[in-house]
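# Model the following, please.
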Amino acid sequence: MTDFFKSLDAIGKDVMEGFNRNSSNNSPSNLVGMGADGTATHYLDKICEDIIIQGVNEMDIPVNIVSEEAGIINRGYDMNLVIDPLDGTFNALHGLPFYSVSMAVMGRDFSSLSTGYVKDLYGGDVYHAVRGRGSYFNGKKISVAKESVGCWISKAGKWQDPLNRRIMSLRGKHRRLGCASLEMCLVAKGSADLMAYVGEGVFIRNIDIAAGSLIVREAGGIVVDQDGTDLNLGLDVAERSHVIAAANRQLLEGIV
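I've put the predicted structure just below:
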């Protein structure tokens, strides 16, 4: 199995440097087009994506590229680099210090995820996982919480949605942070019990959670849809899904 971590980490550092160089252009109205996923592309999204594409080409990393902005760039390989160049764009544009670059290597779907990499573009922290080797935070191995910490991260539907009401009724502290990849990493390192994007009208894309899914699973947690089925998304950036990442399956009892 190819060791992608060093290459992804080098790209992650370049993305952070490029973001910081261009962060003065953070007006929410600085849009440069429409992404392949059907959402507007901000100038900073495009800057970060261009840096990743350039890095992949310069290092000749043996992957195709799947991105929210460019769609699928076929470079003739079996493996794919699924990227969200700037996860948490709203946070980045409004001075909220919680946004990242997320990159994952996989075949045709999440069942073949081999490497996950998430870099906090504000603080510089790095989460990564390699299939069969565990998950890491700044090089130190991490695991999900063994006992509940009473922290629930969720973006849920309307209050009258039964699933939303069950999540919001959980005892403890409830948070919504606006960057799915980093939210999943908080579950992976035991800072939160659960992260959920569920309920009516609440969906998330493969690019947002590909890396985080491997990081949570390699840390001993689970990643499922709102029915409790192991989540397995493909390469279509237009595809949307619900997601729950949790420290263990027992946490889902009474929810799904």
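# Please make it C-alpha for all contacts and neighbour counts, starting now.
OK.
# Now the helix or strand harbouring Glu17: buried residues?
Assigned by DSSP states H and E, Glu17 belongs to helix 5-22. Neighbour counts over helix 5-22 (16 or more other CA atoms under 10 Å) mark 5, 8-9, 11-16, 18-19 as buried.
# Make sure Tyr101 is indeed in a helix.
You called it Tyr, but residue 101 is Val. No: according to DSSP: H, G, I helix; E, B strand; the rest coil, the state of Val101 is strand, so it is not within a helix.
# And the pLDDT at it?
Listed pLDDT for Val101 reads 98.
# what's the burial count for it?
As a burial measure, Val101 scores 30 neighbours (other CA atoms under 10 Å).
# Next secondary structure after the helix holding Glu17?
Assigned by DSSP H and E, the successor of helix 5-22 is strand 31-34.
# what's that next one packed up against?
strand 40-42, helix 43-59 (3 or more CA pairs under 8 Å, 6 or more residues apart in numbering; DSSP states H and E).
# What lies in contact with the longest one?
The contact list for helix 43-59, computed with CA atoms under 8 Å, 6 or more residues apart in numbering, reads 7, 11-12, 14-15, 18-19, 22-23, 25-26, 30-32, 63, 65, 67, 69, 84-86, 89.
# go again using 7 Å as the cut-off
11, 14-15, 18-19, 30-32, 85-86 (CA atoms under 7 Å, 6 or more residues apart in numbering).
# show me where the protein has helices.
For the chain, the helices defined by DSSP state H cover 5-22, 43-59, 89-93, 162-168, 180-188, 206-218.
# Quick one: closest of the helices and strands packed on strand 31-34 to Leu182.
Between Leu182 and the helices and strands packed on strand 31-34, the shortest gap by CA to CA is with helix 43-59, which sits at 16.8 Å.
# just how off-centre is that closest one within its chain?
Relative to its chain's centre, helix 43-59 lies at 17 Å (CA atoms, centre = their mean, to the nearest Å).
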